[in-house]
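**Q** Give me coordinates for this.
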Amino acid sequence: MGQKSLIVVCLLLIMGAGVAAQPGRKVAAKPLEPQQQSAKPKLIVGIVIDQMRWDYLYRFNQLYSANGFKRLMGEGFSCDNTLIPYTPTYTAPGHTCIYTGSVPAVHGIVGNNWYDKSRNVNVYCTDDSTVTTVGNAPDDAGKMSPENLWTTTITDELRLSNNFKSKVIGIALKDRGAILPAGHSANAAYWYDDKGGKWISSTYYMKQAPDWVNNFNAKDFAGTYMSKDWNTLLPIDQYDLSTPDNEPYENAIPGETTVTFPHKLCAITMGKYNSFRTTPFANTFTFDFAKLAIENEKLGSNAVPDFLTVSISSTDYVGHTFGPNSVEAEDTYLRLDKDIASFLDYLDQKAGKGNYLIFLTADHGAAHVPGFLAEHKIPGGAVSDAEIAKEINTAIETTLGFKNAVLSVQNYQVYLNFAEIEKQGKDKAAIINTVVKALQQKPYIVNVFETSKLASTAIPEPQKEMMANGYNPKRSGDIQFTFKPGYFDGGSKGTTHGLWNPYDAHIPLLFFGWNIQPGKTNRETHMTDISATLAALLQIQMPSGCVGKVITEITNNKAHN
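**A** Numbers count the residues shown, from 1 in each chain. The predicted structure is shown next:
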């Protein structure tokens, strides 16, 4: 050992002895670095605003409070170019896509309704004859479950990830808005019965409703809301982003005879609980029930994350009735903004800031009312599926002598009675050709083709990909048709949705709370990406039919605990 080395060793020994000699001082060994594991949020809340067009985030922004949409956008991450990657853009496929990360071609929910040729019946998306109603309501109101859904949801995958320790509850006025997001293994799903104004469920989930649900129902909050008038939140002259409050192309709330403010809800007696759906107070009612579910089911108090799915449905009823440019729609969103602010404040107090994860999105958008477009010389129009079916049947009967060839026209598709055609020995190709020619003659129809031959049909993108994603050979129709922009299946008053166009397919998407850094992207993202991103954040498996991609701007920029 050299002289320098010897000196270093001696110095180290002296220093060590000096440290050891200090009275009362404990020298601990340097701990091993533990393997880093991400903490999980206490509660995940999915908020789906039914029929919320993406532009509502910015259109009404100056009138929003600081603590609702603005807080979500300012403190959260916004994907400003999120699109629905399939058609038809309806409520049931939308909610299903959000929570499965999949498309109708895979998850099976091709519309709110479809025709089942094997049984010769029209099927509603959540129909289930094997279950019964839980709650004081007509039995058919509760004969619902996720039985028709073929894949798992992100809520299912959360429960699978920890041996079903997580609680999952779905809430919405619409049964499909509660059931499909909650998935197959949910602890509960609750929806609204408009015969009695109560929250109900089905025996798929439980034998009887919990006491807290019965106690809430007993207070008849819906009836209390309907005992008051609906006036504008602000002075009506401040609603300068809307059309005048008396347009001929607006519908009335069921039970009313006028379309103007104030809406005399207290004068509605027959069917008042149904009319309640078409008021902004039903959104408040939904959030109040959601808060009660968190409180009584102790969501967010578990050792693992819990998941609450909330669909806000009255925005859809108001939009269908009055249209997206009405004073009613604007007022509904201003009131919804206050509801969201209240809900965020509740979560801050209950779970603690940064301990809960929220995403907010929509199941679809909405078209402008054709009457409104006409006022401004913009193309558009409304078409009746029933009239289309009638005309096609007449054409086939006249040319080929075959009656009732069309079983149904829905989801912008024609279902043909092939079983009867074959039974009678009719020329299948001739009937298809007759249908195609009859539809091609319509000035508002652009393309007509057999759904099974979509791949070889000359249709521009993104229409072709969206239709392929929406086509399911077990449940879709036989012939598809496309409209010119601005046209839809519906009446001359109010509006609807369902097509590939951006006004129907461009939706908001905000992530907020646990591990989310503020920011936004204008990169194209898709509804299917929501569940994929949640799976990455939660470090769990994607749903079984997921085709979405992780939004890496969110996962790479997440906050560090």
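**Q** Every contact and neighbour count from this point should use C-alpha atoms.
**A** Fine.
**Q** looking at this structure, which helix or strand is least sure?
**A** helix 3-21 (a mean of 38; mean pLDDT, DSSP states H and E).
**Q** Now the element after it, going C-ward?
**A** Once the chain leaves helix 3-21, the next helix or strand it forms, by DSSP states H and E, is strand 43-49.
**Q** Can you give the contact residues for the following helix or strand past that next one?
**A** Next in sequence after strand 43-49, counting helices and strands by DSSP H and E, comes helix 56-59. Residues outside helix 56-59 that contact it (Cα atoms under 8 Å, 6 or more residues apart in numbering): F69, L241, P508.
**Q** okay, K117: pLDDT?
**A** For K117, the pLDDT comes out at 87.
**Q** cool, the one 10 residues further on as well?
**A** D127 is assigned a pLDDT of 97 by the prediction.
**Q** Surely it touches G142?
**A** No - if you go by Cα atoms under 8 Å, D127 and G142 don't touch, sitting 9.1 Å apart.
**Q** Now do the helices in the stretch 351-500 of the chain.
**A** For the stretch 351-500 of the chain, the helices defined by DSSP state H, counting those that start in this stretch cover 370-375, 385-400, 418-423, 428-440, 463-470.
**Q** Please identify the deepest-packed of those helices.
**A** Greatest average neighbour count among these goes to helix 463-470 (a mean of 20), per mean count of other Cα atoms under 10 Å.
**Q** which residues touch that one?
**A** With Cα under 8 Å, 6+ apart, helix 463-470 has contacts from P85, Y86, T87, P88, V103, P104, A105, V106, V110, L454, A455, W500.
**Q** Can you pull out the low-pLDDT segments for this protein?
**A** Applying pLDDT under 70 to the chain flags residues 1-38, 558-561.
**Q** Domain map for it?
**A** Under the assignment automatic domain parsing, the domains of the chain span 43-375, 385-489.
**Q** thinking again about what came up before, so which of the helices of the stretch 351-500 of the chain comes closest to A182?
**A** Proximity to A182, assessed across the helices of the stretch 351-500 of the chain by Cα to Cα, is greatest for helix 463-470 (21.6 Å).
**Q** ok, back up a step: point out the one among the helices of the stretch 351-500 of the chain that comes closest to S326.
**A** Here helix 370-375 is closest among the helices of the stretch 351-500 of the chain (Cα to Cα), at 10.0 Å.
**Q** Pick the most deeply packed of the domains of the chain.
**A** Greatest average neighbour count among the domains of the chain goes to domain 43-375 (a mean of 21), per mean count of other Cα under 10 Å.
**Q** Just the endpoints, please. Distance across that domain?
**A** By Cα to Cα, to the nearest Å, the extent of domain 43-375 from end to end equals 47 Å.
**Q** cool, and stretch 113-133?
**A** Termini of stretch 113-133 sit 21 Å apart (Cα to Cα).
**Q** How far off centre is that stretch?
**A** How far stretch 113-133 lies from its chain's middle: 21 Å, per Cα atoms, centre = their mean, to the nearest Å.
**Q** if we can go back for a sec, so can I have CSV of the contacts of helix 463-470 showing secondary structure and distance to D288?
**A** Putting these into CSV (DSSP: H, G, I helix; E, B strand; the rest coil; distance: Cα to Cα, whole Å) gives the following:
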residue, secondary structure, distance to D288
P85, coil, 33
Y86, coil, 33
T87, coil, 33
P88, coil, 32
V103, coil, 32
P104, helix, 32
A105, helix, 36
V106, helix, 35
V110, coil, 31
L454, helix, 46
A455, helix, 48
W500, coil, 34
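**Q** can I get the CA coordinates of the lengthiest helix in the chain in CSV?
**A** Looking across the chain with DSSP state H, the single longest helix is helix 327-350. Extracted C-alpha coordinates of helix 327-350, given in CSV (Å, rounded to 0.1, in the frame of the first residue of the first chain):
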residue,chain,number,x,y,z
VAL,A,327,-82.1,30.1,-26.0
GLU,A,328,-83.1,26.8,-24.2
ALA,A,329,-79.9,25.1,-25.3
GLU,A,330,-77.7,28.0,-24.2
ASP,A,331,-79.4,28.3,-20.8
THR,A,332,-79.2,24.5,-20.3
TYR,A,333,-75.4,24.7,-20.7
LEU,A,334,-75.0,27.7,-18.5
ARG,A,335,-76.9,25.8,-15.8
LEU,A,336,-74.9,22.6,-16.5
ASP,A,337,-71.7,24.6,-16.0
LYS,A,338,-73.0,25.5,-12.4
ASP,A,339,-73.8,21.9,-11.8
ILE,A,340,-70.3,20.8,-12.8
ALA,A,341,-68.8,23.4,-10.6
SER,A,342,-70.8,22.1,-7.6
PHE,A,343,-69.9,18.5,-8.4
LEU,A,344,-66.2,19.4,-8.6
ASP,A,345,-66.4,21.2,-5.3
TYR,A,346,-68.1,18.2,-3.7
LEU,A,347,-65.4,15.9,-5.0
ASP,A,348,-62.7,18.3,-3.7
GLN,A,349,-64.3,18.0,-0.2
LYS,A,350,-65.1,14.3,-0.4
